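A.B. asks: Mind folding the following:
(chains A and B)
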Amino acid sequence: MANDALTPRPPLPDGRGGEPRVEMLGISKRFGPVLANDNVDLTLWPGEIHAVLGENGAGKTTLMNVLSGMYQPDDGQILLDGQPAVIKTPIDALEQGIGTVYQHFTLVPNLSVIENVVLGTKTGFRLDLGNAERQLQTMLADFALNTTPQTEVRHLSIGQRQRIEIIKVLFRGTRVLLLDEPTSVLTPVEVEGLFAILRRLREQGVAVVIITHKLDEALDLSDRITVLRQGRKVGVLDPETLAASDRETSRLRIVELMFGGRPSSEGSDVASGSAAPGETLLTLSAISADGDRGAPAVKNLSLDLHRGEVFGIAGVDGNGQKELGEVIAGQRRSTSGSLAIDGRTLTNQGVSAISRAGIGYVTDDRLGEGSVPGQSVAENAVLKTIGLAPFSRKFWLNRKAIERHAEALIEQFDVRTPSASTQLTLLSGGNIQKLLLARELAMKPKVLVCNKPTYGLDIRTAQFVLKTLREQANDGNAVLLISSELDELLDVSDRLGVMYNGELVAIFERGEFDVETIGQLMLTGRRATGVAA
Amino acid sequence: MTLNGIDVTDFLTAMLATGLLRAVPLAIASLGDVFAQKAGLLNLGIEGMMLSGCFFGFHAAYKTESVVLGMLGGIAGGLAMALLFGFLTIHLRVDQVLVGLAITIFAAGLTGYLFRDWYGGQNVAANVRARSIEIPLLSDIPIIGPAIFHRQIIFYICWALVPVFAWLLYRTRFGLNVRAVGESPFAADAAGVNVIRTRYLAIGLAGVMAGFAGAFLAVADLRIFTIGMTVGQGFIALAITMLGGWNPWRIAAGAILFGMLNALGDSLQIVGVGIRTEFIGMLPYIGIMLALVVLAGKTQLPASLGVPYARGQR
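C.D. replies: Coordinates of the predicted model:
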């Protein structure tokens, strides 16, 4: 498949000379203070696969949601076949030939394939499945799906379900197919199958859009690549450019567009890295673990964490970072390898043993596993220590001690809340995050693992959180910071590791951070060599 | 052949006839509740809807002396309660368990009050007689002839609804929409199904059938109303719906099974087996509990049962 993009393609018969199918002009979309799309243009041609690339939060999904009717743009216009179009809901979009396959599939598991396909279509009261079935049989065969229309969807694999999703939208006459991160849930073999299908749809004149942050996939598959960065379109590689330059040149060009020109961060106020690395606090030796779906998520990963350092983990979401954090916190069983804290081996000893040994863990799922949203700030503040004195004795809770403790944390971490007895859900995301961080730090962990602690926070709060982590390290503890924000990792880390596909593919010391190399590693797991790899 | 002086053929005929009669309201109420549950509505108000059907069915039959108008009155009574349930749970998204129990208690209070007010609490019989037909030849077969083939027209109509509801659930767009909105309302919405309307239709159908079942009890079968006369049959219907795996055919079988258990109790009393009547009366309920134990873990509830739906709120 690597050769595919290198071979210059003959000009496409239709499309190139014809009308563009979709033109999005000057699309802007704002969410509160965040400008998710800023005056973005996107043109889709029939018979073309168009990749939209960008980092997390670059505005790819927002742009697609505008086209699929999920969001209304604040500004801008959409033309379909040259005519202004009104797309108010996903149904509107479907009826105008724009079909979307979301990352989270929208199939009903207990219904059969054919029932899912005809669900919501407007025909008579009696279900006429005979006609639909003949049509579906052909499509199932086309898509190499070895299943009957009567099979319930819950019996199908993820890859099969995705194909059913595609069939479902094509069944309604879709001519523009949007796929949001279509390969993130697939095995390599399934990815190959999907690409074959997308290429065939291209031949049939469908305009295909894939949203992805996987650079190699975009290069393998697409005729045209649009790069977004911080909500703006920063570049388009058209078919001529892609055909004219070799793969490595295209790759470098895209990495430059996505990551290039960042200000150097050394000397920023949160960065310190003053102390020389001390003794080892946490040792991971060849740790492997499975993800929620049972596929390996962390592969043979080794890492030493020392006193006084912040170790940053960079990577595109879903490359095993969350699972790594959970293994260290004792929430996820490792399948092989060992974990030692301060010299004591504690592999798979469970949350409480690991917590007692001095590991703190701040999850990225603040309201789900991080807290009990319906309870008060004070109750949440002692959630992990409620069984200990002075908060409880035997059956009895010591309300006074709980409240005093919570008030101290609120004061110390500047948690903005009307009182300690306020229900947690009434707090903003940033204040909840500060509370969770305060709760972990109150337990005086030797090693603190934080997963995306600044996600969704305003800049001031984010800076406060990062500063707190930095101080934690300066006090002689260790911090493992998992984040998808490369900038903050560059700011605060003493060492920076890149995770790709469950592996730690590189570790950089402070001073040798090189944004473009790190970007390359995040996107492809490899360093650019200048020569085609 | 006789048993304690009772002819065995007569005994079996009576038991089968009673069992099938007792099964009718259970089957009818369950068939309707399949749609409510499949659409994601845990209808604990079914007992109240059924009782409402009993009272308003009886009242209509008493005033008009017409079986058909009596049945329609019952249907209206059940439907009114169902629409109240729908408004509170679908529209206002109040907790379904709370609303269901409230409706059951409300219906008990309302029918009790109206019965005392309008009838002085006297047990008067409605002057109606549901017509029977005798199917030639088949009704001459011993035991099953008189028990199955010489019955009221309404009895046949009720059982004929089983295939109709199976068709409605599996072979119509409405049935498909119902099955989708109880499982994944978000997916259904994304596919273009009107979730709110589908749920209203489903609870409406459940109310119609619960009211119908109540009216069958009070108009076609007993021709009287007594306060609280459903004595938990609505809840048994709810359990049968789940035990039958939301499949109309299996629900019909389940309803017959519990009807027969009920009839067995009666028959044993008549024969004079030395068991206390209270114990015999427990039989069907013990049966329900045994069935729940046997089927534990084998039923898969609709994934969104009891969960209110609002677009954009996952």
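A.B. asks: contacts, neighbours, all on C-alpha from now
C.D. replies: Will do.
A.B. asks: Give me every residue in the stretch 101-250 of chain B lying close to chain A.
C.D. replies: Within reach of chain A by CA under 8 Å from any CA of the partner chain, the stretch 101-250 of chain B has these residues: B:171-174, B:176-177, B:179-180, B:183-184, B:186-188, B:190-193.
A.B. asks: From these, which land in helices?
C.D. replies: B:171, B:173-174, B:176-177, B:179-180, B:183, B:186-188, B:190-191 (DSSP state H).
A.B. asks: would you turn those into CSV with neighbour count, pLDDT and distance to residue B:36?
C.D. replies: What follows is these, written out as CSV (neighbours: other CA atoms under 10 Å in any protein chain shown; pLDDT from 0 to 100; distance: CA to CA, whole Å):
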residue, neighbour count, pLDDT, distance to residue B:36
B:171, 16, 91, 17
B:173, 23, 93, 16
B:174, 21, 95, 12
B:176, 24, 94, 13
B:177, 27, 95, 12
B:179, 28, 95, 10
B:180, 34, 94, 12
B:183, 24, 92, 12
B:186, 23, 87, 18
B:187, 20, 88, 18
B:188, 25, 90, 16
B:190, 20, 83, 21
B:191, 23, 86, 21
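A.B. asks: which non-adjacent residue is nearest the residue most central in space within chain A?
C.D. replies: Nearest to the mean C-alpha position of chain A, by CA atoms, centre = their mean, lies residue A:317 at 3.6 Å. Spatial nearest neighbour of residue A:317, excluding adjacent residues (CA to CA, 6 or more residues apart in numbering or on different chains): residue A:484 at 6.5 Å.
A.B. asks: How about residue A:283?
C.D. replies: That would be residue A:304: by CA to CA, 6+ apart, it lies 4.6 Å from residue A:283.
A.B. asks: same check, this time on residue A:488
C.D. replies: Closest to residue A:488 by CA to CA, 6+ apart is residue A:466, at 7.9 Å.
A.B. asks: From residue A:368, how far out is the one you found?
C.D. replies: 22 Å (CA to CA, to the nearest Å).
A.B. asks: Looking at those two, which one has more neighbours?
C.D. replies: Neighbours were counted for residue A:466 and for residue A:368 using other CA atoms under 10 Å in any protein chain shown; residue A:466 has more, 22 against 10.
A.B. asks: my guess is the more buried one contacts residue A:490, does it?
C.D. replies: No - contact criterion CA atoms under 8 Å: residue A:466 and residue A:490 do not qualify, at 11.5 Å.
A.B. asks: what about the strands in chain B?
C.D. replies: For chain B, applying DSSP state E gives strands covering B:2-3, B:6-7, B:132-134, B:150-152.
A.B. asks: burial measure for residue B:289, as a count.
C.D. replies: Residue B:289 has 13 nearby residues by other CA under 10 Å.
A.B. asks: Please apply the same query to the one 4 residues further on.
C.D. replies: The tally of other residues near residue B:293 (other CA under 10 Å) stands at 11.
A.B. asks: Give the burial count for residue B:231, as a bare number.
C.D. replies: Residue B:231, neighbours per other CA under 10 Å, totals 11.
A.B. asks: same deal with the one 3 residues further on?
C.D. replies: In terms of burial, residue B:234 registers 28 neighbours under the definition other CA under 10 Å.
A.B. asks: ok now do it, which residues does it touch?
C.D. replies: B:26, B:29, B:46-48, B:50, B:210 (CA atoms under 8 Å, 6 or more residues apart in numbering or on different chains).
A.B. asks: Kindly recompute the last result at 10 Å.
C.D. replies: B:25-26, B:29-30, B:33, B:43-51, B:104, B:210, B:213-214, B:240 (CA atoms under 10 Å, 6 or more residues apart in numbering or on different chains).
A.B. asks: which ones are touching residue A:411?
C.D. replies: Contact partners of residue A:411, counting by CA under 10 Å, 6+ apart, are residue A:405.
A.B. asks: what do you get for residue A:341?
C.D. replies: Per CA under 10 Å, 6+ apart, neighbours of residue A:341: A:280-284, A:305, A:328, A:347, A:354, A:357-359, A:446-447.
A.B. asks: mind showing which ranges of chain B have poor pLDDT?
C.D. replies: B:1, B:3, B:296-297, B:311-314 (pLDDT under 70).
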